[in-house]
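Novice: the sequence and its predicted three-dimensional model are supplied below.
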Amino acid sequence: MGIEIDAKSLLGTRSSQQDFYTFKNGEELALAVVCDGMGGLKGGTEASMKASILFKEDVKAALPIDDIFSFLEEEVHRLDEAVFSIRDQRGEWLGAGTTMVAVLIKKNELYFLTVGDSMLYACRGDDMIPLNREHNYKLRLDEMKKAGALSDDDYAREIGRGQSLISYIGMGNVAIYDLNRNPFILQDGDKLLLCTDGVTKILSDDEIKAILRDHDEPKGIVKDITKNIEGSKKKSRDNATYLAICYKEDEDEHTDV
């Protein structure tokens, strides 16, 4: 399985790093996780780290995983409970949480689990699509407006709070998340980007698409994203974490016997 992965975290203008990522390019299964913690200085850092590491450990313990969809559907609730249960040194509830974008790749089959407003993009040739939704108040407003339950005036009044999260790991009884029952079939040359909102608040979809389109190796993607974020003129920049995956078909698959 020809999978290459690279990743990076930037502090931005924040005083602490509350993002966390981890990945493993195994022979049987490749995994990658990007989390964006919230809940204060210590809480956000602990939440993102705990969710990422626990996911990696749970995947390892469950191998071989025959039904990846069912595993991810159960895992989101395990992680939610684990982060929700975090206590501080005095035993008091920390109230921490984290977004999550997690992918598992088995051969050419991509499965994903996302919670919150961190994003997963897939790029094929000149086209790029988001594979998940941002679980924020805007999502709820859009759904209400589409259903005819919200007027244009009410939408306009409420949209100012549109970026507020309505789902994250650690909220307890998490109910809104995205995962795919059927695998997304990867093709030779496909590229994936997992990133926190510290990236999407700086770079537009068109800018991200151009970067993914222009590079065939994850190191080039990561380097270009870093250059663009650090070159931004925005005075306030959140932590930014981004993980690039490039898929290349095994040459043996095309070898005549």
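Specialist: Cool, the structure landed. Residues are numbered from 1 along each chain as shown.

Novice: look up how far Tyr242 lies from the closest residue to Lys106 other than its chain neighbours.
Specialist: With sequence-adjacent residues excluded and distances taken as C-beta to C-beta, 6 or more residues apart in numbering, Lys106 is closest to Leu29, at 5.4 Å. (C-beta placed from N, C-alpha, C; glycine too.) Leu29 sits 22 Å away from Tyr242, going by C-beta to C-beta, to the nearest Å.

Novice: what is the end-to-end distance of stretch 194-207?
Specialist: Between the opening and closing residues of stretch 194-207 lies a distance of 15 Å (C-alpha to C-alpha, to the nearest Å).

Novice: look up the pLDDT of Met1 for me, please.
Specialist: Predicted confidence (pLDDT) at Met1: the value is 57.

Novice: just the one 3 residues further on next, same as before
Specialist: Note for Glu4: predicted pLDDT of 97.

Novice: hang on, it packs against Pro218?
Specialist: Yes: Glu4 lies in contact with Pro218 (C-beta atoms under 8 Å); the separation is 5.1 Å.

Novice: what's the burial count for Glu158?
Specialist: Neighbours of Glu158 under the rule other C-beta atoms under 10 Å: 16.

Novice: could you do Gly148 as well?
Specialist: 7.

Novice: the helices in the stretch 51-200 of the chain, which residues?
Specialist: Taking DSSP state H, counting those that start in this stretch to define them, one finds helices in the stretch 51-200 of the chain at 68-84, 137-146, 152-158, 197-200.

Novice: tell me the mean pLDDT over the shortest one?
Specialist: Here helix 197-200 scores 97 as its mean pLDDT.

Novice: and stretch 167-185, by the same measure?
Specialist: Mean predicted confidence for stretch 167-185 is 97.

Novice: show me what it is in contact with.
Specialist: Residues outside stretch 167-185 that contact it (C-beta atoms under 8 Å, 6 or more residues apart in numbering): 35, 38-39, 47, 51, 68-69, 72-73, 76-77, 79-81, 83-84, 86, 96-100, 106, 108-116, 122, 131-133, 135, 166.

Novice: hang on, the earlier thing: from the helices of the stretch 51-200 of the chain, which stretch is densest packed?
Specialist: Greatest average neighbour count among these goes to helix 197-200 (a mean of 23), per mean count of other C-beta atoms under 10 Å.

Novice: may I see the buried residues of the following helix or strand past it?
Specialist: Counting by DSSP states H and E, the next helix or strand C-terminal to helix 197-200 is helix 205-214. Within helix 205-214, the residues that count as buried by 16 or more other C-beta atoms under 10 Å are 208-213.

Novice: turn those residues into JSON lines, columns for distance to Leu193 and pLDDT.
Specialist: Listed next are these as JSON lines, based on distance: C-beta to C-beta, whole Å; pLDDT from 0 to 100:
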{"residue": "Ile208", "distance to Leu193": "7", "pLDDT": "98"}
{"residue": "Lys209", "distance to Leu193": "10", "pLDDT": "98"}
{"residue": "Ala210", "distance to Leu193": "12", "pLDDT": "98"}
{"residue": "Ile211", "distance to Leu193": "8", "pLDDT": "98"}
{"residue": "Leu212", "distance to Leu193": "6", "pLDDT": "98"}
{"residue": "Arg213", "distance to Leu193": "11", "pLDDT": "97"}
